[in-house]
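Colleague: Here is a sequence together with a model predicted from it:
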2 protein chains.
Amino acid sequence: MSKQEIVLTPRATDGCCAPISTAALDPDGAAEGATVFKALADPIRLRLFSMITSAGDEICVCDLTPQFDVSGPTISHHLKVLREAGLVDCERRGTWVYYWPVPEKLQWISSLLAAPAIRA
Amino acid sequence: MSKQEIVLTPRATDGCCAPISTAALDPDGAAEGATVFKALADPIRLRLFSMITSAGDEICVCDLTPQFDVSGPTISHHLKVLREAGLVDCERRGTWVYYWPVPEKLQWISSLLAAPAIRA
């Protein structure tokens, strides 16, 4: 599936949790959430994820790597961790690999961490 | 896309970032975010944080520890990590320590991960 064909639809009950501000996580939900947060718990990976998520569409690995002072293989490793956590997906086209965010996953962690209004 | 064309997230003085779905994080914002996600990247800590956040007010450590199959000192260690990340705060009263969430921090990570509107 190309990025253009993705239809963003909210997930109903599959894998979706109530916000932690309203209900405590059960052990399974906590394990699932911790896996995602572990993928985001590295400054390079979090920055990569923000670049991919904010790109609007998809982004070539050739546009990501030059932003960092680490090697291409290191960037590839971090991108693999993000992909294995289900946060991004990718496709090789010719020389380059193109990445895009998985909207359902961002929606999931966004819902999980939805904050209540701050009381005055 | 060249390095110069990447739009970096302006960081406000109150520690609030634009959602990563709209702007890439700069290295400082990524480091700050990664520290918080590292604190949430453990199933026990994430579950503890969800219990404290959903408690409505504050919760006694004596009500948290029995929910887990690990020792009291282990729970205390995880709570210390959450506190050092600025996610919770606490106060000792007599025998017990009471924990509550820091709403500004949850608001911060919630804003950071805010998902874009779902396209129909």
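Modeller: Now that the structure is in, tell me what you want to look at.
Colleague: alpha carbons only for contacts and neighbour counts from here, please
Modeller: Fine.
Colleague: Torsion angles phi and psi at residue A:58?
Modeller: phi -130, psi 170 (degrees, to the nearest 10).
Colleague: which one is it nearest to, not counting chain neighbours?
Modeller: The spatially closest residue to residue A:58, leaving aside those adjacent along the chain, is residue A:100, at 4.6 Å (C-alpha to C-alpha, 6 or more residues apart in numbering or on different chains).
Colleague: Checking the one you found next. Helix, strand or coil?
Modeller: Secondary structure state of residue A:100, per DSSP: H, G, I helix; E, B strand; the rest coil, is strand.
Colleague: Tell me the spacing between the residue nearest the centre of chain A and residue B:62.
Modeller: Note on chain A: the residue nearest the mean C-alpha position is residue A:87, at 2.8 Å, using C-alpha atoms, centre = their mean. Computed as C-alpha to C-alpha, to the nearest Å, the residue A:87 to residue B:62 distance reads 36 Å.
Colleague: and if you look at residue A:84?
Modeller: From residue A:84 to residue B:62 the distance is 37 Å (C-alpha to C-alpha).
Colleague: Likewise for residue A:116?
Modeller: Relative to residue B:62, residue A:116 is positioned 25 Å away (C-alpha to C-alpha).
Colleague: Tell me if I'm right that residue A:79 and residue A:45 touch.
Modeller: Yes: using C-alpha atoms under 8 Å, residue A:79 is in contact with residue A:45, at 7.1 Å.
Colleague: where exactly do the strands run in chain A?
Modeller: For chain A, applying DSSP state E gives strands covering A:59-60, A:88-93, A:96-101.
Colleague: okay, the ones you listed in a markdown table with mean pLDDT and mean neighbour count next?
Modeller: Output for the strands of chain A, formatted as a markdown table (pLDDT from 0 to 100; neighbours: other C-alpha atoms under 10 Å in any protein chain shown):
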| stretch | mean pLDDT | mean neighbour count |
| --- | --- | --- |
| strand A:59-60 | 97 | 20 |
| strand A:88-93 | 97 | 16 |
| strand A:96-101 | 96 | 20 |
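Colleague: quick one: is stretch A:106-114 near chain B?
Modeller: Yes: Stretch A:106-114 reaches chain B (C-alpha under 8 Å from any C-alpha of the partner chain) through A:106-107, A:109-110, A:113-114.
Colleague: Export only the CA atoms of that stretch, formatted as PDB.
Modeller: The C-alpha atoms that make up stretch A:106-114 are tabulated as PDB, following Å, rounded to 0.1, in the frame of the first residue of the first chain:
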ATOM      1  CA  LEU A 106       0.100   7.800  16.800                       C
ATOM      2  CA  GLN A 107      -3.600   7.900  17.500                       C
ATOM      3  CA  TRP A 108      -3.200   5.100  20.000                       C
ATOM      4  CA  ILE A 109      -0.500   6.700  22.000                       C
ATOM      5  CA  SER A 110      -2.200  10.100  21.700                       C
ATOM      6  CA  SER A 111      -5.400   8.700  23.100                       C
ATOM      7  CA  LEU A 112      -3.500   6.900  25.900                       C
ATOM      8  CA  LEU A 113      -1.800  10.100  27.000                       C
ATOM      9  CA  ALA A 114      -4.800  12.400  26.500                       C
END
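Colleague: pLDDT averaged over it, what's the number?
Modeller: For stretch A:106-114, the mean per-residue pLDDT is 91.
Colleague: where in chain A is pLDDT low?
Modeller: Applying pLDDT under 70 to chain A flags the ranges A:1-17, A:117-120.
Colleague: at 50 instead, please
Modeller: Applying pLDDT under 50 to chain A flags residues A:1-15, A:120.
Colleague: Let me see the ranges of the helices in it.
Modeller: Counting by DSSP state H, one finds helices in chain A at the ranges A:27-39, A:43-54, A:61-64, A:72-84, A:103-112.
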